[in-house]
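Pasting the sequence and the predicted coordinates here, then a few questions.
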Amino acid sequence: MLHVFLEPLKKLFVDFVHQNINTGKRNIAWKDVEEKNITMIARSFLKLCRYYYLIPHLLNIEQLNDFMEQTLPPITSGE
């Protein structure tokens, strides 16, 4: 069932990855993400959530925190 959502999720990731947001155009493609192991920073993830109204009325802060911990890589060893 997840394969149905894979392509749309890839597109969302590429649209909101910080390199593309900062330049205002699509410099990074999914192929680059896979080859260079590019990750999405938390700020970009939050922009994606805000743009699609995922917060605050659909997710409470605890759910958002759990989701971020599960999906975003830690920046420091303390995280």
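That came through fine.

can we go C-alpha only for contacts and neighbour counts from here?
Fine.

What's the separation between the most centrally placed residue in the chain and residue 32?
For the chain, the residue nearest the mean C-alpha position is residue 45 (4.1 Å; CA atoms, centre = their mean). Distance of residue 45 to residue 32, given as CA to CA, to the nearest Å: 18 Å.

so the residue nearest to the centre of the chain touches residue 16, yeah?
Yes. Counting by CA atoms under 8 Å, residue 45 does reach residue 16; the two are 7.2 Å apart.

Assign the residue nearest to the centre of the chain to helix, strand or coil.
helix (DSSP: H, G, I helix; E, B strand; the rest coil).

give me the low-pLDDT residue ranges for this protein?
1-2, 55-59, 61, 73-79 (pLDDT under 70).

Show me where it has its helices.
3-16, 18-23, 30-36, 42-51, 61-71 (DSSP state H).

For the first one, buried residues please.
With burial defined by 16 or more other CA atoms under 10 Å, the residues of helix 3-16 counted as buried are 13, 14, 15, 16.
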